[in-house]
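Colleague: Just need the structure, nothing else, for what follows:
(one chain, ligands or ions: 1)
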Amino acid sequence: MHDVKGSLLESLTLADARRRRRLNRLLRKMARLDPVPPSGLSPRRRAMAAVLLLVLLLVGVWRLGLTGEDRAGFPDRPADAQARPIGNPPSQEVTSTAFDFLQTQPGSSEPVTYDPCAPIHLVVDPRTMVDKGMRMLEEAADEIRAATGLSLVVDGLTDTGASPGRTATSADGSTWTPVLVSWTDPDATPRLGGMTAGYAGSTAVERDGHRWYVTGVVMLDGPQIQQTLATDGWTAARSVLMHELGHLVGLGHVDARGQLMQPTRESGLDAWGDGDRAGLAAVGRGRCIDY
Ligand SMILES: [Zn+2]
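Modeller: As a prediction, this is how the structure comes out:
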């Protein structure tokens, strides 16, 4: 959450496309004129700058239903699991600490991660999907694959949305439930109200004191991302998906400019920053599940 007054947020939320374009022009001008980060400004100017410079991506993290531990039994080893990690994150030339993990291992600062030896399967509920949304998702997934070494596989479409009763394993317990990417809207998903363009998170299971993410949910506000696409362009809209997939694989928010994992979208930023890359590499180096 950030500190912009609700009324200001609301006025931006309700702005029509023309007004948004005007704001964006103003924003670019301000960014050129005044590179001082918002924290260096007076409270009033800070609030104004926050409205102009930042678009809220997400309030908080996924804390409903799916987060936390699920101590249910492990299914059989997935048929497409490998003996070794399928890919590897790139080695880091720049060491940055501008990242945070959503969860860490019990008694340790090591992150909870997905199993790098098995693909992460995703299914897509396309109800409010933007134009070329599957391509946008694949491109965002590519950015995650390249930065983590994790294997994300988009299996296809589903007409089943998120439900609080979603479990980590299939009904017969034989497989992990695929990650659900749901293109939805604030009417169906009230947490997407206001400027929240999406939220995401994964479910951890634990065995012998070690935890792994095994499935998750990515909820996207289709109408809002469509508006971002129309006013700010493809890479800006795609960066929203990158941010949410960053949460999916285990990154939390970080208050550091230049990072896509900031809680608010930084104008003109549509690629991973050094901190994002360091964090993504770390969540790509998890332990494989020993089935
Ligand atoms: Zn976020």
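Colleague: Spatially central, which residue of the protein would that be?
Modeller: Centroid-nearest residue in the chain, with C-alpha atoms, centre = their mean: Glu244, separated by 1.3 Å.
Colleague: Can you check the pLDDT for it?
Modeller: Listed pLDDT for Glu244 reads 98.
Colleague: gap between it and Ala168?
Modeller: Here Glu244 is placed at a distance of 20 Å from Ala168 (C-beta to C-beta, to the nearest Å). Glycine gets a C-beta too; all of them are placed from N, C-alpha and C.
Colleague: How about Glu206?
Modeller: Distance, Glu206 to Ala168, by C-beta to C-beta: 11 Å.
Colleague: ok, these two, which is more surrounded?
Modeller: Comparing Glu206 with Ala168 by other C-beta atoms under 10 Å, the one with more neighbours is Ala168, at 23 against 14.
Colleague: what about dumping the CA coordinates of whichever strand in the chain runs longest to PDB?
Modeller: With secondary structure taken from DSSP state E, the chain has its longest strand at strand 210-221. C-alpha atoms of strand 210-221 as PDB (Å, rounded to 0.1, in the frame of the first residue of the first chain):
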ATOM      1  CA  HIS A 210      11.800 -27.800   3.900                       C
ATOM      2  CA  ARG A 211       9.100 -25.900   2.000                       C
ATOM      3  CA  TRP A 212       8.400 -25.700  -1.700                       C
ATOM      4  CA  TYR A 213       5.800 -23.800  -3.700                       C
ATOM      5  CA  VAL A 214       3.800 -26.200  -5.700                       C
ATOM      6  CA  THR A 215       0.900 -24.100  -7.200                       C
ATOM      7  CA  GLY A 216      -0.400 -20.600  -7.200                       C
ATOM      8  CA  VAL A 217      -2.700 -18.000  -8.500                       C
ATOM      9  CA  VAL A 218      -2.200 -14.900 -10.600                       C
ATOM     10  CA  MET A 219      -5.200 -12.600 -10.700                       C
ATOM     11  CA  LEU A 220      -5.200  -9.900 -13.300                       C
ATOM     12  CA  ASP A 221      -7.500  -7.000 -13.800                       C
END
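Colleague: List the pairing partners of that strand within its sheet, with orientation.
Modeller: Here strand 210-221 has these sheet partners by DSSP bridges: strand 113-114 (parallel), strand 179-184 (parallel), strand 198-207 (antiparallel).
Colleague: That one: how far from the chain's middle?
Modeller: When C-alpha coordinates are averaged (C-alpha atoms, centre = their mean, to the nearest Å), strand 210-221 and its chain have centres 10 Å apart.
Colleague: Mind checking what helix or strand follows the strand or helix carrying Glu244 in sequence?
Modeller: Following DSSP states H and E, one finds Glu244 within helix 234-248. Counting by DSSP H and E, the element after helix 234-248 in chain order, helix or strand, is strand 264-266.
Colleague: helices or strands next to that next one in the packing?
Modeller: When contacts are defined as 3 or more C-beta pairs under 8 Å, 6 or more residues apart in numbering; DSSP states H and E, strand 264-266 packs onto strand 54-56, helix 234-248.
Colleague: Let's have those in TSV, adding distance to Arg77.
Modeller: Below are the helices and strands packed on strand 264-266 laid out as TSV (distance: least, C-beta to C-beta, whole Å):
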stretch	distance to Arg77
strand 54-56	41
helix 234-248	22
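Colleague: ok so, going back, skip ahead from the longest strand of the chain and say which helix or strand is next.
Modeller: Sequence order places helix 222-232 as the next helix or strand after strand 210-221, per DSSP H and E.
Colleague: average pLDDT across that next one?
Modeller: Regarding helix 222-232, the rounded mean pLDDT is 97.
Colleague: Output that helix as CSV, nothing but the C-alphas.
Modeller: Output in CSV follows, covering the C-alpha atoms of helix 222-232 (Å, rounded to 0.1, in the frame of the first residue of the first chain):
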residue,chain,number,x,y,z
GLY,A,222,-8.2,-7.3,-17.5
PRO,A,223,-10.0,-4.0,-18.0
GLN,A,224,-7.3,-2.0,-16.2
ILE,A,225,-4.4,-3.8,-18.0
GLN,A,226,-6.3,-3.1,-21.3
GLN,A,227,-6.3,0.6,-20.4
THR,A,228,-2.5,0.4,-19.6
LEU,A,229,-2.0,-1.2,-23.0
ALA,A,230,-4.0,1.5,-24.7
THR,A,231,-2.4,4.5,-23.0
ASP,A,232,1.2,3.3,-22.1
